[in-house]
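>>> model the structure of this input:
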Amino acid sequence: MSKEFFEAVKLLEAEKGIPADYLYEKISAAIIVAAKHDYNGKDIVHCDIDEEKQKIKVYVTKNVVDEIEDPDTDLTLEEAQVYRKSAKVGKTIDIPLKTKDFGRIVAQTAKHVIRQGIREAERGQMLQEFKSKNQELISAKVERIDPITGNATIEIGKNQTVLPKSEQVPGEVLTEGQTIKVFIVDVKEGGKGPKIMISRTHPGLVRRLFEQEVPEIYDGTIEIKSVSREAGSRTKISVYTKDEDIDPVGACIGPRGQRVSNIVEVLGGEKIDIIKFSEDPSEYIAAALAPSEVCSIEILDEEVKTCRATVPDDQLSLAIGNKGQNVRLAVRLTGWNIDIKPESGFFEGQE
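Take a look at the predicted model:
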């Protein structure tokens, strides 16, 4: 049994990447726990696994005494000398457990621990694999859609996770068998393996799409400063470069608008405003309110970041946007609270 056992452990180490020492340690501990039941749980059982000699030795250590107080831990000199002629009272002696009686327990325990070790190692490998993809964009297959909750079960490699309805793009209809792009928001260790949080609405998804589509972003020539998004409707993204010969907005749009069109297609028609970042808050805020024109920006409080944007009267509704969306996205993009007023100073309905 020993030869096959050691060969199996080495094979697992080669195929699954599970260290042999880890398995030996787990098996040894499990054998000890199993054997201690015969000694009322007393801590006198030992297990030595010698890989070099390919031997498993299981034994108990007992005290040699004149008078037995605890039969689990003590034995008389006469009993001890059966195992070792040189045994003396006051010393301890190691007594091997009969391999014939114990062999079945060793085999079953080893089998259980190896299985458990494989599961633990595979979970660990899976966790590391997904941690390496954390905050990344990946392709995944839709396995099934829950007809009640709308949650989608997604297959990523050999693993499955759930894309909640709340993380799906509003109005988007997913179908079974469809391949979609998802953003890995976070990876955490769970009891039954890694817990993967994925999203189709996260701003990081747009960021990664631009990195894939625009070589200048991927190589670091152009930097994405900020992304604000209302999934399925509109996204604003600000870009910046130190290279004066490069137009960061134009590079993101691409020849004949091809680069941004490819991203819009992946996002199902979501509108994208690409804005040039500026260190000058007034310039940056004015650009963020696109597609509206802006007459002026008045900084009200630089510490709490509040300002007032003045826009032409006929651009007021465009600056604010449908249900306030345009200004809301501009606020998130810039980090400034923006109060908008018309150039005339009067709002519609006022004298």
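
>>> ok, the closest residue to residue 70 other than its chain neighbours - contacts?
The shortest distance from residue 70 to any residue other than its chain neighbours is 7.9 Å, reached at residue 42 (Cβ to Cβ, 6 or more residues apart in numbering). Where C-beta positions appear, they are placed from N, C-alpha and C, glycine not excepted. The contact partners of residue 42, by Cβ atoms under 8 Å, 6 or more residues apart in numbering, come to 36, 70, 72-73.

>>> from the residues you listed, pick the one nearest residue 338.
Comparing the contacts of residue 42 against residue 338 with Cβ to Cβ picks out residue 36 as the nearest, at 70.7 Å.

>>> which residue is the nearest non-sequential neighbour of that closest one?
residue 45 (5.1 Å).

>>> that neighbour touches residue 57, doesn't it?
No. Counting by Cβ atoms under 8 Å, residue 45 does not reach residue 57; the two are 11.5 Å apart.

>>> more crowded one of the two?
Remark: of residue 45 and residue 57, residue 45 carries more neighbours, 20 against 14, as counted by other Cβ atoms under 10 Å.

>>> residue 131 against residue 186, yeah?
No. When contacts are counted by Cβ under 8 Å, residue 131 is not listed as touching residue 186 (9.8 Å).

>>> residue 71: neighbouring residues, count only.
Neighbour tally, residue 71, other Cβ under 10 Å: 10.

>>> what about the strands in the stretch 101-250 of the chain?
All strands of the stretch 101-250 of the chain, identified by DSSP state E, counting those that start in this stretch, fall at 137-145, 152-156, 159-163, 179-190, 193-199, 222-230, 234-241.

>>> tell me which of those sits most buried.
strand 234-241 (a mean of 22; mean count of other Cβ atoms under 10 Å).

>>> from the contact counts, what lies against it?
Contact analysis of strand 234-241 by 3 or more Cβ pairs under 8 Å, 6 or more residues apart in numbering; DSSP states H and E lists helix 203-213, strand 222-230, helix 248-253, strand 271-276, helix 281-288, helix 325-334 as its packing neighbours.

>>> distance to residue 345 and mean pLDDT added to those, as TSV?
As requested, the helices and strands packed on strand 234-241 are exported to TSV (distance: least, Cβ to Cβ, whole Å; pLDDT from 0 to 100):
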stretch	distance to residue 345	mean pLDDT
helix 203-213	35	94
strand 222-230	29	96
helix 248-253	32	95
strand 271-276	27	95
helix 281-288	19	95
helix 325-334	18	96
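
>>> tell me which element residue 300 is part of?
Assigned by DSSP states H and E, residue 300 falls within strand 296-301.

>>> can you give me the buried ones in that strand?
Judged by neighbour count (16 or more other Cβ atoms under 10 Å), strand 296-301 contains these buried residues: residue 297.

>>> okay, the residue nearest to residue 36: pLDDT?
Per-residue confidence at residue 45 stands at 89 (pLDDT).

>>> pretty sure residue 180 is touching residue 174, no?
Yes. Using Cβ under 8 Å, residue 180 is in contact with residue 174, at 6.8 Å.

>>> identify the contacts common to the two.
If you check residue 180 and residue 174 against Cβ under 8 Å, 6+ apart, the residues they both contact are residue 142.

>>> neighbours of residue 309, just the number please.
Using other Cβ under 10 Å, residue 309 has 23 neighbouring residues.

>>> hang on, it is in a helix, isn't it?
No. Read with DSSP: H, G, I helix; E, B strand; the rest coil, residue 309 is strand and lies in no helix.

>>> quickly list what it is bridged to.
Counting by DSSP bridges, residue 309 is bridged to residue 297, residue 340.

>>> and the gap between it and residue 249?
Going from residue 309 to residue 249 by Cβ to Cβ, to the nearest Å gives 20 Å.

>>> what do you get for residue 12?
55 Å.

>>> contacting residues for residue 77?
Contacts of residue 77 by Cβ under 8 Å, 6+ apart are 64-66, 87-89.

>>> residue 10 against residue 20, yeah?
Yes. Applying Cβ under 8 Å as the test, residue 10 and residue 20 come out as touching, 6.3 Å apart.

>>> those two: which has the busier surroundings?
Per other Cβ under 10 Å, whichever of residue 10 and residue 20 has more neighbours is residue 20, with 16 against 13.

>>> how far away is that one from residue 33?
From residue 20 to residue 33 the distance is 21 Å (Cβ to Cβ).

>>> just residue 343 next, same as before
Distance from residue 343 to residue 33, by Cβ to Cβ: 81 Å.

>>> tell me how far the nearest residue to residue 278 once chain neighbours are set aside lies from residue 210.
Take residue 278 and drop its neighbours on the chain: the residue closest to it by Cβ to Cβ, 6+ apart is residue 284, 4.3 Å away. Residue 284 sits 19 Å away from residue 210, going by Cβ to Cβ.
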